[in-house]
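> What follows is a predicted protein model with its sequence.
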Amino acid sequence: MSLSTDNIQVKRAGEAVARKGSGSLDYSSIAPLFVLYDVAIILGLCVLVSFFTSERGDIAFEYTHPIGIGILAAVAFVLTTSSRGLYKPWRMVRIVEQTTAAVVNWIFAMLVVAAVIFCLKVGVSTSRLSTGILAVSGLVALPASRWAMAAWLRRAAATGAVRGRPTILIGDPSELEQVVPAHLLVRLGLKETRRFSLSAPNETETGALDASDADTLKSALQFARQNRIEEILLAMPWSNIERLEAVRSRLRALPIPVKLLPDEAVSELLDAPRVDFGASIAIEVQRAPLSRLELAQKRALDISVASVALTLLLPLFLVLAVAIKLDSRGPVIFRQRRNGFGGREFTIYKFRSMTVMEDGSKVVQAQRNDKRVTRIGRFLRASSLDELPQVLNVLFGHMSIVGPRPHAIAHDDAYSKLIAGYAFRHHVKPGITGWAQVQGLRGETAELEQMARRIEMDLWYINNWSILIDIKIILKTFIEVLRKDAY
């Protein structure tokens, strides 16, 4: 069977790449190389910043301390980046995503460094100037490195400097048109050496393979044997099961893996997270609880932010406590039972802003111009300062900085019967702030539709959680508090 012009061109391109790839880098080495690149940048920044900010009269420069900070920052940055799959080559070429993630992950890494310095009480021996310069320089160097990495990877893929596993494509003409050879290398680590086009399927005999198809498959098998092909990709409609099975049965003559690419009809669905499901796959329509690594990241962020906040705001706590005590009778701290992670009860802490301490089977939400709110309470609620003692709940492990807002147990019992999916909010720890709050859904929920909308936002947060989203919410919270008063 004669080759089409397209197949001849693909063959020549494959041969050219094969010639160039004799001394190329293996695809599986790209991710570890990028990890080492990040570690080298961070350690280099720490040493350089410490060297140039040290006393110029020093005869011997002490490298131990900056390297220790660099290792801590590098571990936090690399683990956060790796946990989100951002070292995968096909994601490294996404410049906007990589640049944003580099900024956020570096901020998180510096928060971890600050928390460790605070907890180990080594702040006296740590230069604030060098730490600040390190933080700023990292915000420039790491995003810039993403541009360099992406440019190198694209050029390496185009010139054959990256060596992928040799593969051939077999499929229907319409599906093969959607497959770009360069994408196979960057996304899957596969080097296309040739593609074999089957005839268009017969609408009346969808499972039939004609004589030309049989010849095409025979040529593909022969080519695979002679050229040490390591993998075969099929580009065919998933709905045509009989035709797929007919092709698959003929390819069993080769002891190499055969993989079916997603067709145009299901490609959008497969963008959702996939999980192993025996010999098949399953699409994740409801996210599992956070993994241990994700929980560790979230907890590290919680402790960092809560520790810094408690240290900086302690004088304000004392001022507000005195103001509350002078304004009205009652305790400074308001305590109420709430449901936390897994539905477990805990006691939430807030600055008292009302004359009542409701915590029973009936709890009335605060309303506009509510007479129960004290004079200082109006200020506290409008500025959200009444929520500040919840940093203690965060440090105790009852809450997180970011998560669905916990409701009074009486409200939980009522809404769980009225709103579908309400109980799913307890799959994560409740938060001081959350996705619903930064979307403007704060304060009273007088109508059921308002609460339903808030729950919708909470469920979106749980299903799409990432450390990046948490940091975004923390930053947006300050803007939201200034923009809209609560009551």
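Looks like it arrived, so ask away.
> Please identify the buried residues of the helix ranked longest in the chain?
Across the chain, the longest stretch assigned as helix under DSSP state H is helix 292-327. By 16 or more other C-beta atoms under 10 Å, the buried positions in helix 292-327 come out as 294, 297-298, 300-307, 309-310, 317, 320-321, 323-324, 327. C-beta: built from backbone N, CA, C; applies to glycine.
> Check stretch 399-406 too.
Quick answer for stretch 399-406 (16+ other C-beta under 10 Å): Met399, Ser400, Ile401, Val402, Gly403, Pro404, Arg405, Pro406.
> quick check, nearest of the residues you listed to Trp238?
Nearest to Trp238 among these is Pro404, at 37.3 Å by C-beta to C-beta.
> what residue ranges in the stretch 1-150 of the chain are flagged as low confidence?
1-24, 54-64, 122-126 (pLDDT under 70).
> by contact count, what packs against the longest helix of the chain?
Helices and strands touching helix 292-327, by 3 or more C-beta pairs under 8 Å, 6 or more residues apart in numbering; DSSP states H and E, are helix 64-83, helix 95-120, strand 345-351, helix 375-383, helix 390-396, strand 400-402, helix 467-483.
> and the helix or strand that it is followed by, which residues are buried?
Moving toward the C-terminus from helix 292-327, the next helix or strand (DSSP states H and E) is strand 333-339. Judged by neighbour count (16+ other C-beta under 10 Å), strand 333-339 contains these buried residues: Phe334, Gln336, Arg338, Asn339.
> what's downstream of the strand or helix carrying Leu139, the next helix or strand?
Element membership for Leu139 (DSSP H and E) is helix 128-159. With elements assigned by DSSP H and E, the helix or strand that comes after helix 128-159 is strand 162-163.
> Okay, now the sheet partners of that next one, with direction.
Strand 162-163 has its sheet partners listed here by DSSP bridges as strand 25-26 (parallel).
> how close does the nearest residue to Ser353 once chain neighbours are set aside get to Asp327?
The shortest distance from Ser353 to any non-neighbouring residue, by C-beta to C-beta, 6 or more residues apart in numbering, is to Gly377 (3.1 Å). Taking C-beta to C-beta, to the nearest Å as the measure, Gly377 and Asp327 are separated by 8 Å.
> what does Tyr415 give?
32 Å.
> before we move on, what about Leu251?
For Leu251 relative to Asp327 (C-beta to C-beta), the value is 80 Å.
> Just give me the neighbour total for the residue lying closest to Thr100 once chain neighbours are set aside.
Leaving aside its sequence neighbours, Thr100 sits nearest to Leu468 (C-beta to C-beta, 6+ apart; 7.4 Å). Using other C-beta atoms under 10 Å, Leu468 has 19 neighbouring residues.
> Leu468 contacts Ala101, correct?
Yes: the criterion here is C-beta atoms under 8 Å, and Leu468 meets it with Ala101 at 6.2 Å.
> what touches both of the two?
Arg84 (C-beta atoms under 8 Å, 6 or more residues apart in numbering).
> one step back: which among the buried residues of stretch 399-406 gets closest to Gln222?
Closest to Gln222, out of all of these and judged by C-beta to C-beta, is Val402, at 58.3 Å.
> That closest one: what's it in contact with?
Val402 touches Gly431, Ile432, Thr433, Gly434, Trp435, Tyr461, Ile469, Asp470, Ile473, Ile474, counting by C-beta under 8 Å, 6+ apart.
> And for Leu129?
Thr53.
> the domain parsing of this protein - what is it?
According to automatic domain parsing, the chain comprises the domains 5-24+162-260, 27-159, 292-483.
> how near is the residue lying closest to Gly342 once chain neighbours are set aside to Tyr415?
Computed as C-beta to C-beta, 6+ apart, the closest residue to Gly342 that is not its neighbour in sequence is His426, at 5.8 Å. In this view, His426 and Tyr415 are 12 Å apart by C-beta to C-beta.
> Repeat that for Ser29.
In terms of C-beta to C-beta, Ser29 sits 52 Å off from Tyr415.
> Just want to know which of these two has more residues nearby.
Tyr415 (19 against 11).
> count of residues packed around the closest residue to the more buried one other than its chain neighbours?
Distances taken as C-beta to C-beta, 6+ apart place Tyr422 nearest to Tyr415, at 5.2 Å, with adjacent residues excluded. Neighbourhood size, Tyr422 [other C-beta under 10 Å]: 20.
> again, but for Cys119
With other C-beta under 10 Å as criterion, Cys119 counts 11.
> How about the contacts made by it?
When contacts are counted by C-beta under 8 Å, 6+ apart, Cys119 touches Ser307.
> that's a helix at Pro237, yeah?
No: per DSSP: H, G, I helix; E, B strand; the rest coil, Pro237 lies outside any helix segment and is coil.
> Tell me, how many residues neighbour Trp90?
Residues within reach of Trp90, counting by other C-beta under 10 Å, total 15.
> Could you tell me how far stretch 210-225 lies from the centre of the chain?
43 Å (C-alpha atoms, centre = their mean, to the nearest Å).
> can you pull the buried residues of that stretch?
Neighbour-count burial for stretch 210-225 flags Asp213, Thr216, Leu217, Ala220, Leu221, Ala224 (criterion: 16+ other C-beta under 10 Å).
> Can you lay out the helices and strands packed on helix 292-327 as CSV showing distance to Leu190?
Conversion of those to CSV gives the following (distance: least, C-beta to C-beta, whole Å):
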stretch, distance to Leu190
helix 64-83, 23
helix 95-120, 22
strand 345-351, 51
helix 375-383, 57
helix 390-396, 46
strand 400-402, 39
helix 467-483, 29
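> Just tell me which of the ones you listed ends up closest to Ile241.
helix 95-120 (35.9 Å).
> State the three-state secondary structure for the closest residue to Pro181 other than its chain neighbours.
Nearest non-adjacent residue to Pro181, counting by C-beta to C-beta, 6+ apart: Glu192, 4.3 Å away. Assigned with three-state DSSP, Glu192 falls in the strand class.
> surely Glu192 meets Ala182?
No: between Glu192 and Ala182 there is no contact under C-beta under 8 Å: 9.0 Å.
> Quick check: the residue nearest to Arg154 when sequence neighbours are not counted vs Ile467, distance?
Spatial nearest neighbour of Arg154, excluding adjacent residues (C-beta to C-beta, 6+ apart): Val93 at 6.2 Å. Between Val93 and Ile467 the computed distance is 22 Å (C-beta to C-beta).
> what residue ranges in the stretch 151-300 of the chain score low on pLDDT?
In the stretch 151-300 of the chain, residues with pLDDT under 70: 201-208, 264-288.
> change it to 50
The stretch 151-300 of the chain contains residues with pLDDT under 50 at 204.
> Would you mind checking the contacts of Val402 for buried ones?
Counted by 16+ other C-beta under 10 Å, the contacts of Val402 give Gly431, Ile432, Thr433, Gly434, Trp435, Tyr461, Asp470, Ile473, Ile474 as buried.
> With distance to Ile168 as extra columns, can I get those residues in JSON lines?
Rendered in JSON lines, the data for those read as follows (distance: C-beta to C-beta, whole Å):
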{"residue": "Gly431", "distance to Ile168": "51"}
{"residue": "Ile432", "distance to Ile168": "55"}
{"residue": "Thr433", "distance to Ile168": "53"}
{"residue": "Gly434", "distance to Ile168": "50"}
{"residue": "Trp435", "distance to Ile168": "46"}
{"residue": "Tyr461", "distance to Ile168": "44"}
{"residue": "Asp470", "distance to Ile168": "44"}
{"residue": "Ile473", "distance to Ile168": "47"}
{"residue": "Ile474", "distance to Ile168": "50"}
